[in-house]
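1. Need a 3D model of the following:
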Amino acid sequence: MLLSLFLLSPLLLLLGAKLFRIPRISFRNTFITYLLLFGLGMALGILTSLTNEVITDSILVQLLMALAAFLGMIWIIRHRFDTTMLRAAGIYLFLIVGLIVIAGSVRCFMIQAFRIPSGGMKPTLLVGDHILANKFIYGVKAPFSGAILIPVTEPKRGDIVIFPFPEDPKKDFIKRVIGIPGDVVEIRNKRVFLNHQPMVDTYGVYIDPHVIPGGAIPRDSFGPVTVPTGALFVMGDNRDHSYDSRFWGFVKKASVKGKATSIYWSWDRDSSMVRWHRIGSKVR
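-> Residues are numbered from 1 along each chain as shown. Below is the predicted model of the structure:
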């Protein structure tokens, strides 16, 4: 998504300059201008991310960021293109509308960004990780209904998937697929059994040495249950601290939004530091 926007935005900016009849516009000049806009946008985006983590989601902060971005970008366009404020604003708005259309299409059909708010997937995913999810891998879906228009592949065991939380669809959850349709899933004293055989569990982490007996709390002893058609059984890698299919049931395959692929940003709110070593790493 970022690469497509990065490559197409200079073309949009050049087209806007031609439409507004600004003379002496070259692709080189336009590309350098876009680099300045891109750098300013990235800086403001990172600053917004930090304020969301450290302070709160403040409408005032977001409005100030938007105003700063608008004025900064208009100033860059006006001075580099030696044009009027009105034409600079027109080019900027043309660029923004074009980017919204491109980004909306990419987000709807191909790639979407998500932020990890809790520790249910530790140590694979940490609180403050920002990830990209491949939405195309499980099929092309209609924008509003979610119906699969073009099937591609099915979720597999071990995939890390994003889906609406069944108890509150407004929230997105991210868990690892343990069982697919037809699988028999059982947990005995924290050990996962799949189809009556011990599962090779290379991702699950258990921190609490205490084993809770089966009954009221299904954390350490669960099932057996058979995953029904069109559903998935999912669990967090942080098995002792994950709210997952053991507690609220199965995930509908049709509701899965995508598969987590990579980490593009990571912020440790406890130390107020960027986790540089995690940026660009693949999610496995």
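2. Now residue 227. Nearest residue, chain neighbours left out?
-> Nearest non-adjacent residue to residue 227, counting by CB to CB, 6 or more residues apart in numbering: residue 179, 4.4 Å away. Where C-beta positions appear, they are placed from N, C-alpha and C, glycine not excepted.
3. so the one you found touches residue 159, yeah?
-> No: Residue 179 lies out of contact with residue 159 (CB atoms under 8 Å); the separation is 11.7 Å.
4. between the two, who's got more neighbours?
-> Neighbours per residue, other CB atoms under 10 Å: of residue 179 and residue 159, the larger number sits with residue 179, 25 against 21.
5. Please parse this protein into its domains.
-> Following automatic domain parsing, the chain resolves into domains at 2-109, 112-278.
6. Could you give the average pLDDT over the longest one?
-> Spelled out, that is domain 112-278. For domain 112-278, mean pLDDT rounds to 89.
7. Using PDB, write down the CA coordinates of stretch 180-200.
-> The C-alpha trace of stretch 180-200 is given here as PDB (Å, rounded to 0.1, in the frame of the first residue of the first chain):
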ATOM      1  CA  ILE A 180     -10.200 -25.600  10.900                       C
ATOM      2  CA  PRO A 181     -13.600 -27.100  10.000                       C
ATOM      3  CA  GLY A 182     -13.800 -30.800  11.000                       C
ATOM      4  CA  ASP A 183     -10.900 -30.600  13.500                       C
ATOM      5  CA  VAL A 184     -11.400 -31.900  17.100                       C
ATOM      6  CA  VAL A 185      -9.800 -29.500  19.500                       C
ATOM      7  CA  GLU A 186      -9.100 -30.400  23.200                       C
ATOM      8  CA  ILE A 187      -7.000 -28.900  25.900                       C
ATOM      9  CA  ARG A 188      -5.800 -31.100  28.800                       C
ATOM     10  CA  ASN A 189      -3.800 -29.300  31.600                       C
ATOM     11  CA  LYS A 190      -2.600 -26.600  29.200                       C
ATOM     12  CA  ARG A 191      -1.600 -29.100  26.500                       C
ATOM     13  CA  VAL A 192      -3.500 -28.700  23.100                       C
ATOM     14  CA  PHE A 193      -4.700 -31.800  21.400                       C
ATOM     15  CA  LEU A 194      -5.700 -31.700  17.800                       C
ATOM     16  CA  ASN A 195      -7.700 -34.600  16.400                       C
ATOM     17  CA  HIS A 196      -6.900 -36.600  19.500                       C
ATOM     18  CA  GLN A 197      -3.200 -36.200  19.000                       C
ATOM     19  CA  PRO A 198      -0.900 -33.800  20.900                       C
ATOM     20  CA  MET A 199      -0.400 -30.700  18.700                       C
ATOM     21  CA  VAL A 200       3.100 -29.500  17.900                       C
END
